[in-house]
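# Return atomic coordinates for the entry below.
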Amino acid sequence: GTLGKVGNCQVGVSVHAASDTASCPLSWRLFLPESWDTPEADGRRKRCRIPDDEHHRPKWQLALGMLDELAGSGLRPAVLVADTGYGANADFRRGLEDRGLAYVLQAKAEMTAHGEGVEPHQPAYGGLGPRPLPRYRTRPVSLREHVLAAGRGQGRTLTWRKGSKAAMSSHFVLLRVRL
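Below you'll find the predicted structure:
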């Protein structure tokens, strides 16, 4: 998808320890697309020596599995950072929260959220059927709208590292929202 064309390559999911100056891979897994689990892919799987017990798993599940393995060895990230492929996935975010991990995830401006101060309402239980789930009384708005409402003055220009040509910096707005 991000190549803008069909790429004939292997795709891996990795967990790295990173600092301001270096990055070191701690774990990685081969990502197998769903198409590699079909009977038509048997020959391809054999040529690539893919074990019979290895099958498609979404990237976010591979990442959580690696984080669990690393935690079993006593390695827990101070803060986990990931791109929008993970940030847009509610199951991945819930998995990080269930594990008590602090995280910063890239999000698309089109994602919707409620403001920090909005609390979900718990409808009364009528006694029949399943208990109603909590729900919000307001409509969520896009993250873009939350940022615009906060105003440019709420933002800060941050430089995160020196690039090959110049320092890499951008304007950021920190907001707490309920996804």
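# show me the contacts for Val11.
By CB atoms under 8 Å, 6 or more residues apart in numbering, the residues touching Val11 are 30-31, 33. For glycine as for every other residue, the C-beta is placed from the backbone atoms N, C-alpha and C.
# And for Leu96?
64, 80, 103.
# what's the burial count for Gly87?
19 (other CB atoms under 10 Å).
# and what of Ala17?
Ala17 has 13 nearby residues by other CB under 10 Å.
# what's it sitting at in phi/psi?
Phi and psi for Ala17, reported as degrees, to the nearest 10, are phi -90, psi 130.
# which residue of this structure sits farthest from its center?
What lies farthest from the middle of the chain is Gly127; by CA atoms, centre = their mean that is 38.0 Å.
# okay, that residue: pLDDT?
With respect to pLDDT, Gly127 has a value of 91.
# ok, the residue nearest the centre of the chain - contacts?
Centroid-nearest residue in the chain: Tyr86, 2.0 Å away (criterion: CA atoms, centre = their mean). Neighbouring residues of Tyr86 by CB under 8 Å, 6+ apart: 59-60, 63, 92, 105.
# try Asp37
Neighbours of Asp37 in contact, by CB under 8 Å, 6+ apart: 55-56.
# What distance do you get for the residue nearest to Lys59 when sequence neighbours are not counted to His56?
Nearest residue to Lys59 in three dimensions, chain neighbours excluded: Val13, at 4.9 Å (CB to CB, 6 or more residues apart in numbering). Taking CB to CB, to the nearest Å as the measure, Val13 falls 12 Å from His56.
# For these two, indicate the residue with more neighbours.
Applying other CB under 10 Å to Val13 and His56 shows that Val13 carries more neighbours, namely 20 against 13.
# To which secondary structure element is that one assigned?
Assigned by DSSP states H and E, Val13 falls within strand 11-18.
# tell me the angle the next helix or strand after that strand makes with strand 11-18.
Using DSSP H and E, the helix or strand that follows strand 11-18 in sequence is strand 23-31. Strand 23-31 runs at 160 degrees relative to strand 11-18, counting by axes from the mean of the first three to the mean of the last three CA atoms, to 10 degrees.
# distance between strand 23-31 and the chain's centre?
16 Å (CA atoms, centre = their mean, to the nearest Å).
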